[in-house]
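A.B. asks: the sequence and its predicted three-dimensional model are supplied below.
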Amino acid sequence: MAARARPSPFAASLPARADAKAMDAADPLALARNLFSLPPGAIYLDGNSLGALPRATAARLQEVVRDEWGGDLIASWNKHGWIDLARRVGDKIAKLIGAEANTVSVGDSTSIALFKVLADALAHNPGRKTILSERGNFPTDLYMAEGLAALLGQGHRLELVERVESIGDDVAVVMLTHVDYRSGAMHDMASITAKAHAAGARMIWDLAHSAGALPVDLAGAKADYAVGCGYKYLNGGPGAPAFLYVAPRHHESFRQPLQGWLGHAAPFAFEQAYRPAAGIAGATTGTPPILSLAALEIGVDTLLHFPMAELRAKSQALTEIFRTLVQSRAAELGLEGVSPADPEARGSQISFRHEHAYAIVQALIAQGVTGDFRAPDILRFGFAPLYVRYVDAWDAAAYLVDTIESRVFDDEKFRRRQAVT
Ligand SMILES: Cc1ncc(COP(=O)(O)O)c(C=O)c1O
């Protein structure tokens, strides 16, 4: 990316670029960036969509492909522990989300994981027919709930509210995303879970924008279930398997409808009738994606080297620099902040609304600053604290201001919608 050869677009009272560089020099996490392979000069603010590539991943995948698959073939299931890999990665993810050991299953996608936990939640509250969620929740969560309700054919329905305040006595399960994918606003997990329980409902948390970005305490919050993506802050790679948590108190009764052979108590007995494996193993459906799991394990291991409290502190400082700088020019540029001003009330992203959001994001990408666009008018910037530097946050804010001020986004090529935004 070409160096930005323009004067600072921000007031002298705000942090200067040199201040950001000084923060990088003092950053205890600064060296973590070396664990990732990033294009030179890239300012990558999309780790909330697709995490960066850990340097160790390629070598590990080569080993699994060449030596294990290529060398030992099917013997690798036992010899190289492939059959236990999902459980091992699940236990590692558990440490990042405040879950007990043997409570996290890994595989499938977040959408499928949601289907499984929703089905169990509904089955345990047969007298209640409502799945309660928020209008702004991630669409797949709502689609899966609607699909399951239709499939069950027992009069279940999805009720959507702006914010979950009161929980009626027909609600079987409350399903929320912990950190909102558009605004970055974060729910209070413990208090909403307690409210759901007090109303006789179970609670599902989607941790897609939380896991690996901030401390999560599923056990402390007494959550019933959680799901989340492996490809965002967990750096597991495109289409990485998702995770699924079931609280230990529900293990004995846990049943999910996608009962495949590898969730059977004795898969290699090839029994005709399904008997669920005990505990979280019963959440498994089919053969685990070993290559993807091997990549995800490296992504999770990379995170586990660092204290989550330090990651959170840096993420809050990064988002604060970016938000403060952009906000200082927002009104005159037609930008409207949509993320909470209080760092404690948000995840690791900052979003703004602008009528030309799509074209602005494309123009930024052309200059080496990658954020993303979320319909209808949101510019979204994720700050993965392992590899984003303070100077990146400063530069990104300056590029954003320049891009809008100069109207370089006002070009046909930046308005053309691509399949993935
Ligand atoms: C909050 C949330 N839930 C679920 C998903 C989708 O998960 P998957 O593609 O693994 O089904 C996403 C994807 O961005 C998301 O942001």
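C.D. replies: Looks like it arrived, so ask away.

A.B. asks: could I get the pLDDT score of residue 2?
C.D. replies: On the pLDDT scale, residue 2 is placed at 52.

A.B. asks: with the one 3 residues further on instead?
C.D. replies: In this model, residue 5 is scored at 67, pLDDT.

A.B. asks: roughly how far does residue 394 sit from residue 415?
C.D. replies: Residue 394 sits 28 Å away from residue 415, going by C-beta to C-beta, to the nearest Å. From N, CA and C alone the C-beta is placed, and that goes for glycine too.

A.B. asks: neighbour count: those two, which is higher?
C.D. replies: Under the criterion of other C-beta atoms under 10 Å, the comparison of residue 394 against residue 415 puts residue 394 first, with 27 against 13.

A.B. asks: leaving out sequence neighbours, find the closest residue to the more buried one.
C.D. replies: residue 20 (3.9 Å; C-beta to C-beta, 6 or more residues apart in numbering).

A.B. asks: endpoints of stretch 255-266, how far apart?
C.D. replies: One end of stretch 255-266 sits 16 Å from the other (C-alpha to C-alpha, to the nearest Å).

A.B. asks: same question but for stretch 370-384, I mixed them up
C.D. replies: End-to-end distance for stretch 370-384, by C-alpha to C-alpha: 13 Å.

A.B. asks: kindly report the same for stretch 37-49.
C.D. replies: End-to-end distance for stretch 37-49, by C-alpha to C-alpha: 17 Å.

A.B. asks: state the mean pLDDT of that stretch.
C.D. replies: Mean pLDDT, stretch 37-49: 95.

A.B. asks: can you check stretch 185-203 too?
C.D. replies: 98.

A.B. asks: pull out the buried positions in it.
C.D. replies: Within stretch 185-203, the residues scored as buried using 16 or more other C-beta atoms under 10 Å are 185-187, 189, 192-193, 195-197, 199, 201-203.

A.B. asks: run the chain-centre distance for whichever strand or helix holds residue 24.
C.D. replies: In this structure, residue 24 sits in helix 17-25 according to DSSP states H and E. Centroid displacement of helix 17-25 relative to its chain, using C-alpha atoms, centre = their mean, to the nearest Å, is 28 Å.

A.B. asks: start at 572, not 1
C.D. replies: Sure, I'll start counting at 572 from here, so that last one is helix 588-596.

A.B. asks: tell me what that helix is packed against?
C.D. replies: Helix 588-596 sits against helix 879-904, helix 961-977, with contacts defined as 3 or more C-beta pairs under 8 Å, 6 or more residues apart in numbering; DSSP states H and E.

A.B. asks: so of these, which one's packed in deepest?
C.D. replies: Most buried of the helices and strands packed on helix 588-596 by mean neighbour count (mean count of other C-beta atoms under 10 Å) is helix 961-977; its value is a mean of 22.

A.B. asks: so the residue of the chain positioned farthest from its centre: helix, strand or coil?
C.D. replies: Centroid-distance maximum for the chain: residue 843 at 37.9 Å, with C-alpha atoms, centre = their mean. Secondary structure, DSSP: H, G, I helix; E, B strand; the rest coil: residue 843 is coil.

A.B. asks: cool, residue 662 as well?
C.D. replies: Once three-state DSSP is applied, residue 662 turns out helix.

A.B. asks: test my guess that it contacts residue 672.
C.D. replies: Yes. Residue 662 lies in contact with residue 672 (C-beta atoms under 8 Å); the separation is 5.5 Å.

A.B. asks: neighbour count winner among the two?
C.D. replies: Between residue 662 and residue 672, residue 662 has the larger neighbour count (other C-beta under 10 Å), namely 19 against 12.

A.B. asks: who are the contact partners of that one?
C.D. replies: Residue 662 makes contact with 672, 673, 675, according to C-beta atoms under 8 Å, 6 or more residues apart in numbering.

A.B. asks: of those, which are in range of the ligand?
C.D. replies: Among these, no residue sits close to the ligand (C-beta under 6 Å from any ligand atom).
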